[in-house]
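> next comes the sequence, and after it the predicted model I'd like to discuss.
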Amino acid sequence: MSKKTTNLLGIIIAIIAGTYFYIALCSECSSKQANTSTATMIPNTGKQELIKKVKEKPELTLSTK
C-alpha cells in the first residue's frame, strides 16, 4: 500500500469508529431508557429580592454646584 492509500484508509476508519462511538455512547437515539435526569428546579428568589431592594431605595439625583 502506498502512503496515500494508508492515509485515506486511516481517515475512513477514524470516521467510522467516531460515528459508532457517538451513536453508542452519546446519541439520544440509542438510549433505551426514559429521560432519567436528576436536575432539580431551584426557585430564583435572589432576583426578586434585588428588585425589592432597588425599589425601596430613593432615586439618586445628580446636582451641579
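Received, thanks.

> quick one: mean pLDDT over the host helix or strand of I12.
Secondary structure assignment for I12, by DSSP states H and E: helix 3-21. For helix 3-21, mean pLDDT is 96.

> run through who's touching that helix.
The contact list for helix 3-21, computed with C-beta atoms under 8 Å, 6 or more residues apart in numbering, reads M1. Backbone N, C-alpha and C define where each C-beta goes, glycine included.

> mind listing what's buried in that helix?
Along helix 3-21, no position meets the burial threshold by neighbour count (16 or more other C-beta atoms under 10 Å).

> can I get it in PDB, CA atoms only?
Output of helix 3-21 as PDB, limited to C-alpha atoms (Å, rounded to 0.1, in the frame of the first residue of the first chain):
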ATOM      1  CA  LYS A   3       1.300   6.200   1.800                       C
ATOM      2  CA  LYS A   4      -1.700   7.900   0.200                       C
ATOM      3  CA  THR A   5      -3.900   4.700   0.400                       C
ATOM      4  CA  THR A   6      -2.800   4.200   4.000                       C
ATOM      5  CA  ASN A   7      -3.800   7.700   5.000                       C
ATOM      6  CA  LEU A   8      -7.200   7.500   3.300                       C
ATOM      7  CA  LEU A   9      -7.900   4.200   4.900                       C
ATOM      8  CA  GLY A  10      -7.000   5.600   8.300                       C
ATOM      9  CA  ILE A  11      -9.300   8.600   7.800                       C
ATOM     10  CA  ILE A  12     -12.200   6.300   6.800                       C
ATOM     11  CA  ILE A  13     -11.600   4.000   9.800                       C
ATOM     12  CA  ALA A  14     -11.500   7.100  12.100                       C
ATOM     13  CA  ILE A  15     -14.800   8.400  10.700                       C
ATOM     14  CA  ILE A  16     -16.500   5.000  11.100                       C
ATOM     15  CA  ALA A  17     -15.200   4.500  14.600                       C
ATOM     16  CA  GLY A  18     -16.200   8.000  15.600                       C
ATOM     17  CA  THR A  19     -19.700   7.500  14.300                       C
ATOM     18  CA  TYR A  20     -20.000   4.200  16.000                       C
ATOM     19  CA  PHE A  21     -18.900   5.600  19.400                       C
END
